[in-house]
Structure formats: structure tokens, C-alpha cells
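Engineer: What follows is a predicted structure for the sequence shown.
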Amino acid sequence: MVTKFPQRQQLNLVVQQLYLRKLFPNADTQIRHSELIWIANIIPSPLSQTYKVKLNYKLKSSPKVKVLKPEFTIPEGKKLPHVYSGNYLCLFYPGSSDWKPDVILAKTIIPWISEWLLHYEIWIATGKWCGGGLHPRTREEKQRK
Amino acid sequence: MYTHDQRQQFSKILTHIADELDISDFKFEEAKEKYKSVGEWLRREESTLVGYNPRIYPQGSFCLGTVVKPVGDKKEYDIDLVCELDYSKENVTQKQLKEHVGIEIKSYASANNMKNLPENKQRCWTLDYANEFHMDILPAIPNSESFRLLLEAKQLSADGTEYAIAITDKTFPNYDHLNDDWPCSNPKGYAEWFKNKMKVAAGPRQRELVLLKKYARVEDVPVFEWKTPLQRTIQLLKRHRDICFDDKDCKPISIIITTLAGRAYSNESDFYDAFTNIVKKLEDIDSLRKDGDYYIPNPANPTENFADKWNGNVELPKAFRNWIIQLKGDFAIALQRKGINKVAESLSPIFGENIIKVAIQKFGNSYKEKRKTNLLKVSAGTGTLGTMGEILVKDHTFYGN
């Protein structure tokens, strides 16, 4: 039996939910008050820990991802890289073609969550973020220009 | 206990560690240049050795591809070389051969303004390239006929007897009298034995290097390029030993580690499997006893027992066995941790913090490289990264903070 999914231009929450449920059947995917909430256990690599993550998504805004369990173990004196305030994971460069609302969450954001978690573990071990990426220019840097 | 995927990932981490422990390509080329220059000096027109066809070749870890970086920052690499000459025992004593080679070694040191004078040791001359390399040069002469007769008389056999050499030893009787009884060695024969032990596992990498056009044929790929799980396991073992024993006297010697590992290896292609199988066999030192004594014969010269000193000093086999038990325990702890950071934390005391940091960074970079070349996937359901999952990880830029 072949399930046909609606055209890509119509990526409403229901469509996003369908893909999420298909690819992550053990996760909890709900739509409540026009918001998609996805909670799943992710093991980024065979030797990694298991992380409970939560994704919130409303149309016309960016997906928000947070790690519910376990708590981050941040080495003393260091700041967790590639997060927004509130420790929301920063998985893509805003405004770039990384993420657009007509893109399937299950095939973009979710894999990036796994990647973030793996590189987080490597960052704790080495002090270096090996996943690539950019940091916003500080106000000073902007003023210098 | 460990799933197939976990073992595979652990193998990748171990491979990055072994890469870090290995001598860098740059340093290796430097070492090669140095010993080639010694060879060229010995063969120059004015050399008193030129009529004896001197040839210099490496033995030991530089030949076998099992070099490990010295522990700590300032220490030097040890390079073992053979200087083989066409002399005959009938017209030279061990002492004369040693001194003849010494003349040219000393003039080399002088011509190169070396700070430290060459030293005349029990069997070799040493050249000290301060803070870089420490070279042991072993004068030797071909000895295949005598060696074959010796083995026959003792009803022993070995492969590679055509490479057998006779060497000099100050403590040997008749060191400075003309006679036939010289100490024997066979580093080339040993290397052949070692190569045979891992020929099958070396295949894929040999073919890869030929494909990359680094070598013309599979037969041209030198042993130090093979980088088999056997060679890498020996590197990990030697490093663990170096950290455990520092410079203590009862430190297990590399030739015993290399020989026992070679015997225990079954051409496993997976590093983790090879490592655990070899370590398991190494613990059973009682199986090394023959008629009550420990016996680890040199596979290229069975008249030589590498475990000779074990039979004179009970502390040595004890230290070896305790070391293996320690190694097993250290690894068991690492294997129980969940999280790459936790695994790395457990491996740091075993191999050294800096080595692990760099190895894990390179491990992390490999994931980024895979993503950039569209080879990184994620499995449906678990979200586990790998090369076989259902969902491609699209290239993107982490941002924030």
C-alpha cells in the first residue's frame, strides 16, 4: 500500500506531522492550538547518550528545539556553543536556504538535532565544536566595521 | 554487550587514536632522510667502507610500522638501523668490524657538526640528533649459510633464513678473536614473518594506495603504510605500556609485545575485534611455558628466546600479566560509558589527555566532512547518525551564541 503525501507547497502542520510520525513512529507528535509539538528520544551515535528532545513549531515562525533530558554538563568557565537564550538549539543560519517553511522538518531539522547532540558530546570532550558553523558578530565587531 | 554499531564506532575512535600515536608523515620522512644520509656517507667515494658494499636499513618499529610518539614533549624517537657489510668472519673479528664501522660513523658526526659524539655500545653505535632522533646503528654481516647449519644442528627451522645476519657483541666470548661464533640476528626475516601475519588484512589499504597512485603495485606498498589492525593494536599497547610503566625496569619490551600480538592476530579487519582478541590471548602467559620455562622464540631465529630475562627474574612475567589485566580493566570501564565525552574521559588516562583530545576532534571533523559530501545519514526512529540511515543530513550552518 503506497501512502501519497500532499504536494510540498502545502506544508501545513498536518503534513509535517505525517512525515514525523512516519519516520519517528516512537516519538510523540501532537498538534495543539495550531502548534506542532514533537517529543522524542534521540541517540545521536551508537556510543552516545540518549537525549529526550522537544520540538515546537508554529506556521510563520521558526522551529524551536530544546533538550529536556539529561541536563547539559557544561565544563567550568565555558559557554554552550550554538544555542539561543533559554538553551534552544541553534541548528541553522537564519535567513539562509538552510530552513524555509516549505521544507520537511523530519528531513532537515531532526537530523540536525542529532548532529548538534553528537557535536555537543565532542565539544565537552575536546573543548572544540567540530560541526562547523558561525557565531553572530558581537556589537563591537559590528561597530568596528 | 556491545552492539555491532557500537563496536564499529569504537573502532573508528581507536583508529583516530592510533593515528595520533603514530609518527607523523613529516617526522617519518625526516627520519628517513637522516638514515639515508648516513648510508650515503658510508658509500661515498672516500669511505673506507665503500669496498664492503655497506647498506643501511631500518629494523624494529620503523620497519614494521609500529612507531609510537614518545611520551612527553621533549623525548626523541628511537630509530634502529642495521649496517650490513660484505665482510666474512674468516677475515674480521667482531671488534674489528665494530671499530671499522665506527670510523665512518664518527667522521659522519664530525662532518655534520653533531653536538654529541657517537657512542660505542654493547652491539651498536648510537648517533644522537639532539631532541629529534636517537639512532642505533648495528654493524652486521650476511650469515645465511652458517645460520641454516646452526638451525639444522639444533633441529629447528625458520622462514627467511636467507636474510640472517651475524652481529657484534662486546660481551660475547671471542669478541676480538677470529672465530665463527658470532651472535645471530634476522630483522628482515622477522619483518617477513610479521608481514605474513597480516597480509590478508592489509589487502584493502594496499589496493587503495595503488588506486590513489601513491604506489605502482600492491607489492610496492611498504609495511609501514599498511596500517593494519595488528599494527595499530601494537601501537595502542605500547602507548598504554609507556604510560603505565614510565621508565621502570620491569617494563615489558616491545619485541615481546609485537611477537605475541603477531601470534595472536587472525587478520581481523575490524580494529575493535582485533584489539580485544589480541588482549585476551596476551593475558594467558602460562601458555608460553615450555618445559617449565617461559619461551617466546624469535620466529626468524628460534635459537633466540625473547623471554630469556623472564626466566631469570620473576618480576618480569608478573609485571607483564598485571599490565594486561590493568589494560583490560581500563578498557572495560571505557566501554561501559554512555556518551562520546564519557568514553573519551575514560580513554584519557590510558593514552594521554592530549592524544585523546586531538583524536576525538578528528573523529568529530570526520562527521562534518561526511555531511559536506552528502554521505551523512540519520536512521529513522532512533535519529542515530551514520552512513546507512534513511534520512540524509543536509548541509547547514550551526549558528547562535
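Structural biologist: That came through, no problem.

Engineer: The closest residue to chain A within the stretch 151-300 of chain B: neighbour count?
Structural biologist: Using CB to the nearest CB, the single residue of the stretch 151-300 of chain B nearest to chain A is residue B:272, 11.3 Å away. (Glycine included, C-beta is placed from N, CA and C.) Neighbours of residue B:272 under the rule other CB atoms under 10 Å in any protein chain shown: 23.

Engineer: Buried residues in whatever helix or strand it lives in, which are they?
Structural biologist: Assigned by DSSP states H and E, residue B:272 belongs to helix B:271-282. In terms of neighbour count (16 or more other CB atoms under 10 Å in any protein chain shown), helix B:271-282 has its buried residues at B:271-272, B:274-279, B:281-282.

Engineer: cool, stretch A:24-43 as well?
Structural biologist: Buried, per 16+ other CB under 10 Å, within stretch A:24-43: A:24, A:27, A:29, A:36, A:38, A:40-43.

Engineer: and it, how far out from the chain's middle?
Structural biologist: Averaging C-alpha positions (CA atoms, centre = their mean, to the nearest Å) puts stretch A:24-43 13 Å from its chain's average.

Engineer: Touching it from outside, list them.
Structural biologist: Identification of contacts with stretch A:24-43 by CB atoms under 8 Å, 6 or more residues apart in numbering or on different chains yields A:13-14, A:16-17, A:20-21, A:49-59, A:68, A:105-106, A:110, A:113-114, A:117, B:380-384.

Engineer: separation between the residue of the stretch 151-300 of chain B closest to chain A and residue B:17?
Structural biologist: According to CB to CB, to the nearest Å, residue B:272 and residue B:17 sit 12 Å apart.

Engineer: just for the chain, where's the confidence low?
Structural biologist: Since you didn't name a chain, this refers to chain A. Low-confidence segments of chain A, defined by pLDDT under 70: A:1-10, A:138-145.

Engineer: try chain B instead
Structural biologist: By pLDDT under 70, the low-scoring segments of chain B are B:1, B:73-74, B:401.

Engineer: In contact with the most centrally placed residue in it, which residues are there?
Structural biologist: By CA atoms, centre = their mean, chain B has its centre lying nearest to residue B:66, at 2.4 Å. Listed by CB under 8 Å, 6+ apart, the contact set of residue B:66 reads B:231, B:234-235, B:238, B:254, B:258.

Engineer: Next, work out how far apart residue B:84 and residue B:149 are.
Structural biologist: For residue B:84, the distance to residue B:149 - CB to CB - is 20 Å.

Engineer: Same drill for these two, tell me which one is more crowded.
Structural biologist: When residue B:84 and residue B:149 are compared for neighbours, residue B:84 comes out ahead with 24 against 11, by other CB under 10 Å.

Engineer: Beta-bridge partners for that one, please?
Structural biologist: Listed beta-bridge partners, residue B:84: residue B:55, residue B:140 (assigned using DSSP bridges).

Engineer: which residues sit in contact with it?
Structural biologist: B:54-55, B:57, B:140-142, B:165.

Engineer: Give me the buried stretch members for the helix or strand in which residue B:326 is found, please.
Structural biologist: Using DSSP H and E, residue B:326 maps to helix B:315-336. For helix B:315-336, burial by neighbour count (16+ other CB under 10 Å) applies to B:316-317, B:319-321, B:323-324, B:327, B:330-331, B:333-335.

Engineer: nearest to residue A:133, of those?
Structural biologist: Residue A:133 has its nearest neighbour among the buried residues of helix B:315-336 in residue B:334, at 28.8 Å by CB to CB.

Engineer: what helix or strand does the residue nearest to that closest one when sequence neighbours are not counted sit in?
Structural biologist: Distances taken as CB to CB, 6 or more residues apart in numbering or on different chains put residue B:346 closest to residue B:334, at 3.7 Å, once the chain neighbours are dropped. Residue B:346 is part of helix B:340-351, with elements assigned from DSSP H and E.

Engineer: if we can go back for a sec, excluding covalently adjacent residues, which one is nearest to the residue nearest to the centre of chain B?
Structural biologist: residue B:234 (4.5 Å).

Engineer: ok, that neighbour touching residue B:260?
Structural biologist: No: look at residue B:234 against residue B:260 with CB atoms under 8 Å: they stay out of range, at 9.7 Å.

Engineer: Nothing else from me, thank you.
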